[in-house]
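Q: curious how this folds, go ahead:
(4 chains)
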Protein chains: 4
Amino acid sequence: MTGVFDFRVRYAETDQMGRAHHRHYLVWCESGRTALMRGNGVSYAELERAGVLLPVSRVEIEYRAPVAYDDEVRLYTRVDRLRSREIVFAYRFVKRVDGALVARARIHLVCADSEGRPTRLPAKVRETLGRLAGATPDS
Amino acid sequence: MTGVFDFRVRYAETDQMGRAHHRHYLVWCESGRTALMRGNGVSYAELERAGVLLPVSRVEIEYRAPVAYDDEVRLYTRVDRLRSREIVFAYRFVKRVDGALVARARIHLVCADSEGRPTRLPAKVRETLGRLAGATPDS
Amino acid sequence: MTGVFDFRVRYAETDQMGRAHHRHYLVWCESGRTALMRGNGVSYAELERAGVLLPVSRVEIEYRAPVAYDDEVRLYTRVDRLRSREIVFAYRFVKRVDGALVARARIHLVCADSEGRPTRLPAKVRETLGRLAGATPDS
Amino acid sequence: MTGVFDFRVRYAETDQMGRAHHRHYLVWCESGRTALMRGNGVSYAELERAGVLLPVSRVEIEYRAPVAYDDEVRLYTRVDRLRSREIVFAYRFVKRVDGALVARARIHLVCADSEGRPTRLPAKVRETLGRLAGATPDS
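A: Coordinates of the predicted model:
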């Protein structure tokens, strides 16, 4: 039910404080949720080719401890909520060396067509993510 | 009391949806708050050279309408709350062409010394930001 | 004949060496050439909407002196060479405070249609850039 | 003698042309050379902690074919030249699906102390990289 995405902090992701800049957590979350979806048979690349977009509508991140260049980080991703036109993913970042909590996030995606208009999630996606959410999705 | 930071969306900031990728709002907020501080006599660059860091501890962003390559955007920044070891900035992004709301954000910064330990904001910074917050800062 | 693009180094553009990371020069060059084109009546945003793409095919950058957070930098951009399907821009970065040379670059763009196939530059673009190149473009 | 670094193109690395933006190749090269060094017992993170910096002084990249979101890419990295104060790495990017050439690059790094002054590479690094270069390094 929970996706695992492991990565190392890249040099280019550091800033002059000597830690990963806070914007990169959003990029890592993106990798986390596409890995979770891919691992469950949903390719986000294919969704887009089929005209289904999932833009981000809301972000909340709580930074608890910094990560530095070359640190190995594990990101847990799960589906927190599923609606007909919205998905909420929840994330937890930990350091691999000791499991210490690094950050927590929640990111809301809405479903849009290729013109950017709100639309319903495709049935296959709702079913797959609904299963991951461990609950029947609301309609 | 409110800082104004104008910018154009860079090509490199777009993604394949044809809009600015959501992580860049964090970078623009950073420019917004340093411009506000600089305009009020506080140089963040000098603060860091003096061993005062202001890492981000919490982010909330609500994306309301996308912006595209070359769009001209105005970012309003204000001090939303000031504590002895924390500053909260509030942000509002609008399109310059029609004033339409693009996004809103709140970003929490904590004060740390050069070792990353929590510490009190320097008196000069508290005074300046307190004035901008339009209120006596809590101690 | 030469475009001028002024900017400040953003905090997010620094790395843990305390200087702007070398990848950002490519982004600044992009801003430099679109500003040069815009100032001469060619909107790159409109070109793309009309199905004309200008992907980068070759980059050479020589880094001479680092720039730091909040440094004010001036970027000079000029058309170095113009062919029927290729444009080469030349760039020079200097610090505004003392005019010291920061970096030099040459970037090749090729003209492609919306499918990515090589194609000739639109007549209007060739004429405008040819004028900027200070020479009759080769055919 | 050659390092191998595999990665997928991240969504955040795309631009509105629907391909990876050209600046990210520099970031991937950075990952490629640190992986090569790490695999041969040299930690770039440790080097920096010991006060040895390796800033980039020159970049050449030739882009041959675009890569898209989620594409799996393999990056080959080798030491092309080694001098007392300079290392040149050579890179070749290929698509994993068919081995097609994506890009080639050469990146020059210089050795600097923590103040940014040019200095000689530490003996251990010269020895390791010299072995990888398949030649006795020049002194």
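Q: give the buried residues for the helix ranked longest in chain A.
A: With residue count as the measure and DSSP state H as the assignment, chain A has helix A:24-39 as its longest helix. Buried residues in helix A:24-39, counting neighbours by 16 or more other C-beta atoms under 10 Å in any protein chain shown, are found at A:24-38. Where you see a C-beta, it was placed from the backbone N, CA and C, and this is true even at glycine.
Q: which of those residues are close to chain B?
A: Filtering these for proximity to chain B by C-beta under 8 Å from any C-beta of the partner chain leaves A:24, A:26, A:27.
Q: and the host helix or strand of residue A:104, what does it pack against?
A: Following DSSP states H and E, the helix or strand that holds residue A:104 is strand A:101-110. For strand A:101-110, the packing partners by 3 or more C-beta pairs under 8 Å, 6 or more residues apart in numbering or on different chains; DSSP states H and E come out as helix A:24-39, strand A:56-63, strand A:86-95.
Q: what about chain A, any weak spots by pLDDT?
A: Per-residue confidence of chain A (counting by pLDDT under 70) places the weak regions at A:135-139.
Q: about what we covered before: with the buried residues of helix A:24-39 in mind, which one is nearest to residue D:62?
A: The shortest distance between residue D:62 and any of the buried residues of helix A:24-39, using C-beta to C-beta, involves residue A:27 and amounts to 26.4 Å.
Q: which one is that closest one nearest to, not counting chain neighbours?
A: residue D:12 (4.3 Å; C-beta to C-beta, 6 or more residues apart in numbering or on different chains).
Q: ok, the one you found - contacts?
A: Applying C-beta atoms under 8 Å, 6 or more residues apart in numbering or on different chains to residue D:12 gives the contacts A:26, A:27, A:30, B:15, B:21, B:23.
Q: wait, is residue A:128 part of a helix?
A: Yes: applying DSSP: H, G, I helix; E, B strand; the rest coil, one finds residue A:128 inside a helix.
Q: correct me if wrong: it contacts residue A:41.
A: Yes: taking C-beta atoms under 8 Å as the definition, residue A:128 is a contact partner of residue A:41 at 6.2 Å.
Q: who has more neighbours, those two?
A: Looking at residue A:128 and residue A:41 with other C-beta atoms under 10 Å in any protein chain shown, you find the greater number of neighbours at residue A:128, namely 18 against 9.
Q: contact partners for the more buried one?
A: For residue A:128, the contacting residues are A:37, A:40, A:41, A:42, taking C-beta under 8 Å, 6+ apart as the criterion.
Q: from residue C:113, how far off is the second one?
A: Right, the one you point to is residue A:40. When distance is defined by C-beta to C-beta, to the nearest Å, residue A:40 is 37 Å away from residue C:113.
Q: who has more neighbours, the two?
A: For residue A:40 and residue C:113, the more surrounded residue by other C-beta under 10 Å is residue A:40, and the numbers stand at 15 against 12.
Q: name the nearest residue to the residue located most distally from the centre of chain A, ignoring sequence neighbours.
A: With distances taken as C-alpha atoms, centre = their mean, the residue sitting farthest from the centre of chain A turns out to be residue A:16, at 26.3 Å. With C-beta to C-beta, 6+ apart as the measure, residue C:14 is the residue that lies nearest to residue A:16, at 4.0 Å, once sequence neighbours are left out.
Q: shouldn't residue A:88 be in contact with residue A:80?
A: Yes: under the contact definition of C-beta under 8 Å, residue A:88 touches residue A:80, with a separation of 4.4 Å.
Q: now do the shared contacts for those two.
A: In contact with both residue A:88 and residue A:80: residue A:106, using C-beta under 8 Å, 6+ apart.
Q: show me which of these two is the more surrounded one.
A: With neighbours defined as other C-beta under 10 Å, residue A:88 and residue A:80 compare such that residue A:88 has more, 18 against 14.
Q: ok, what's across the strand from that one?
A: Partner residues in beta bridges with residue A:88, using DSSP bridges, are residue A:81, residue A:108.
Q: which residues touch residue A:19?
A: A:66, A:67, A:68, B:55, C:16.
Q: show me the contacts for the second one.
A: Right, residue A:67. Counting by C-beta under 8 Å, 6+ apart, the residues that residue A:67 touches are A:9, A:19, A:20, A:73, A:93, A:95, A:102.
Q: next, count neighbours for residue A:1.
A: Using other C-beta under 10 Å, residue A:1 has 10 neighbouring residues.
Q: cool, residue A:2 as well?
A: Residues near residue A:2, counting by other C-beta under 10 Å, number 12.
Q: now do the same contact list for it.
A: Residue A:2 makes contact with A:36, A:76, A:77, A:78, according to C-beta under 8 Å, 6+ apart.
Q: secondary structure element for the third one?
A: So that's residue A:77. strand A:72-82.
Q: for chain C, state which of the contacts of residue D:12 is nearest.
A: Checking the contacts of residue D:12 against chain C by C-beta to the nearest C-beta gives residue B:23 as the nearest, at 9.4 Å.
Q: that closest one against residue A:28, yeah?
A: No: with contact taken as C-beta under 8 Å, residue B:23 and residue A:28 are classed as non-touching, separated by 10.1 Å.
Q: what's the spacing between residue A:34 and residue A:40?
A: Between residue A:34 and residue A:40 the distance, using C-beta to C-beta, works out to 11 Å.
Q: point out the residues in chain A that sit beside chain C.
A: Residues of chain A lying near chain C by C-beta under 8 Å from any C-beta: A:11, A:12, A:14, A:15, A:16, A:17, A:18, A:19, A:21, A:23, A:68, A:69.
Q: give me the subset of the residues you listed lying in strands.
A: With DSSP state E as the criterion, strands contain none of the residues of chain A next to chain C.
Q: give me the distance from stretch A:86-99 to the chain's centre.
A: What separates the centre of stretch A:86-99 from the centre of its chain is 9 Å, taken as C-alpha atoms, centre = their mean, to the nearest Å.
Q: now tell me what touches that stretch from outside.
A: Applying C-beta under 8 Å, 6+ apart, the set of residues contacting stretch A:86-99 from outside is A:6, A:25, A:28-29, A:32-33, A:36, A:54, A:57, A:65, A:67, A:71-82, A:100-111, A:121, A:129.
Q: what are the buried residues along that stretch?
A: Counting neighbours by 16+ other C-beta under 10 Å, one finds that the buried residues in stretch A:86-99 are A:86, A:87, A:88, A:89, A:90, A:91, A:92, A:93, A:94, A:95.
Q: and the last one, bridged to which residues?
A: Using DSSP bridges, the bridge partners assigned to residue A:95 are residue A:73.
Q: isn't residue A:116 right next to residue B:63, touching?
A: No: because the distance of 11.9 Å does not satisfy C-beta under 8 Å, residue A:116 is recorded as not touching residue B:63.
Q: so what sits against both of the two?
A: Contact with both residue A:116 and residue B:63 is made by residues residue A:55, according to C-beta under 8 Å, 6+ apart.
Q: quick one: which of these two has more around it?
A: Neighbours were counted for residue A:116 and for residue B:63 using other C-beta under 10 Å; residue B:63 has more, 22 against 15.
Q: in contact with the more buried one, which residues?
A: A:55, A:56, A:57, A:58, A:59, B:22, B:25, B:102, B:103.
Q: ok, so of these, who is nearest chain C?
A: Comparing the contacts of residue B:63 against chain C with C-beta to the nearest C-beta places residue B:25 closest, at 11.3 Å.
Q: got the contact list for the closest one?
A: Under the criterion of C-beta under 8 Å, 6+ apart, the neighbours of residue B:25 are B:61, B:63, B:93, B:103, B:105.
Q: contacting residues around the fourth one?
A: Going back to what we said before, that points to residue B:103. With contacts defined as C-beta under 8 Å, 6+ apart, the neighbours of residue B:103 are B:25, B:61, B:62, B:63, B:64, B:65, B:91, B:92, B:93.
Q: excluding its backbone neighbours, what's nearest it?
A: With C-beta to C-beta, 6+ apart, the residue lying closest to residue B:103 is residue B:93, at 4.4 Å.
Q: now which of the contacts of stretch A:86-99 would you call buried?
A: A residue is treated as buried here by neighbour count (16+ other C-beta under 10 Å); on that basis the buried members of those are A:25, A:28-29, A:32-33, A:36, A:54, A:57, A:67, A:71, A:73-79, A:81-82, A:102-111, A:121, A:129.
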